[in-house]
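Enquirer: build me a model from this:
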Amino acid sequence: LDKKKTAINLGQYNEIILGEVAAIIKKLQADQALRRDLSDRGMVLIDGHGAVRVVNRTLSKGIIKLRKAELDDSRLLWKWANNAEVRINSYSQKQITWSDHQRWFNEKLNDSACIQFIAYTVENNIPVGQIRFDLEDDDTAVVDISIDKKYRNLGYGNIIIQEAVNQAFNKKKLKIIKALIKSDNLCSIGAFQKAGFSSCGQKYIGGNQVFCYERINTDEKK
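Expert: Below you'll find the predicted structure:
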């Protein structure tokens, strides 16, 4: 860690001189740039999401599976999209007509820049949510997720995001996946943070304050 300039080596534990320790601590207290440099280099070396990945990969096995969305899923997705809480957390809160949804869904199914999954329970094959990736360019996509109201607050969102993101990184060779979340949608923000997404700013979309989160494909980066 000292050689990578992410930490300061104080020497062998049995040879530490307290005065030298105090001097280094004072130096760190007074030098904000040095603290920032140590932190920045540490985040390059280790992104800090290892524990999250292990837990989510473990939990996802045998609980949730993903499959690509099909034409027969259209009515189920329409029902989920028109749920009151989903509409509140969307940029437009208007109810979606069946004809508009059919037209939109058919376009998405035939769009090579879109991949959409249905998440379902392995035990009883019940669909619990959907997650979609829309490509902005060759290596960046924006993610959208919604969970059936009966299965919210049970931890499915975090598992679905983690599993789907891993598949999207592997299959689409993406470098970055972004999530654009309304600022008052705290449940969604929490799910993406637990899935390893980091804040990357904010913007306004359709008059709504939106927080931007992203996850970088560290395997691709290496």
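
Enquirer: by residue count, what's the longest helix in the chain?
Expert: Using DSSP state H to define each element, the chain has its longest helix at helix 156-172.

Enquirer: what packs against it?
Expert: Packed against helix 156-172 by the contact rule (3 or more Cβ pairs under 8 Å, 6 or more residues apart in numbering; DSSP states H and E) you find helix 50-60, strand 64-68, strand 114-121, strand 127-135, strand 140-147, strand 176-182, helix 186-194. C-beta: built from backbone N, CA, C; applies to glycine.

Enquirer: can you list contacts of it?
Expert: With contacts defined as Cβ atoms under 8 Å, 6 or more residues apart in numbering, helix 156-172 is touched by 52-53, 56-57, 59-60, 63-64, 66, 115, 117, 119, 128-129, 131, 133, 135, 141, 143, 145, 147, 174, 177, 187-188, 191-192, 194-197, 215, 217, 219-220.

Enquirer: now swap in stretch 25-39 and tell me
Expert: Counting contacts by Cβ under 8 Å, 6+ apart, the residues touching stretch 25-39 from outside are 5-8.

Enquirer: Cys200: neighbouring residues, count only.
Expert: Residues near Cys200, counting by other Cβ atoms under 10 Å, number 14.

Enquirer: quick revisit: go ahead and build a ChimeraX selection from the buried members of the contacts of helix 156-172.
Expert: Below is the selection syntax for ChimeraX that covers the buried ones among the contacts of helix 156-172, with 16 or more other Cβ atoms under 10 Å defining burial:
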select :52,56,59,60,63,64,66,115,117,119,128,129,131,133,135,141,143,145,147,174,177,188,191,192,194,195,196,197,215,217
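
Enquirer: show me the shaky parts of the protein.
Expert: For the chain, applying pLDDT under 70 flags the ranges 47-49, 51-62, 220-222.

Enquirer: quick one: Ile145 and Ser188 touch, right?
Expert: Yes - the pair Ile145 / Ser188 is scored as a contact, 7.5 Å apart, by Cβ atoms under 8 Å.

Enquirer: CA atoms only: put the helix or strand hosting Asp40 into PDB for me.
Expert: With secondary structure defined by DSSP states H and E, Asp40 is part of helix 32-45. Extracted in PDB, the C-alpha atoms of helix 32-45 (Å, rounded to 0.1, in the frame of the first residue of the first chain):
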ATOM      1  CA  GLN A  32      -6.000  18.100   2.600                       C
ATOM      2  CA  ALA A  33      -4.400  17.600  -0.800                       C
ATOM      3  CA  LEU A  34      -2.300  14.700   0.600                       C
ATOM      4  CA  ARG A  35      -5.400  13.100   2.200                       C
ATOM      5  CA  ARG A  36      -7.300  13.400  -1.100                       C
ATOM      6  CA  ASP A  37      -4.400  11.900  -3.100                       C
ATOM      7  CA  LEU A  38      -4.200   8.900  -0.800                       C
ATOM      8  CA  SER A  39      -8.000   8.400  -1.100                       C
ATOM      9  CA  ASP A  40      -8.100   8.800  -4.900                       C
ATOM     10  CA  ARG A  41      -5.200   6.300  -5.400                       C
ATOM     11  CA  GLY A  42      -6.900   3.900  -3.000                       C
ATOM     12  CA  MET A  43     -10.100   4.000  -5.000                       C
ATOM     13  CA  VAL A  44      -8.200   3.200  -8.200                       C
ATOM     14  CA  LEU A  45      -6.500   0.300  -6.500                       C
END
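
Enquirer: I'm done for today, thanks for sticking with me.
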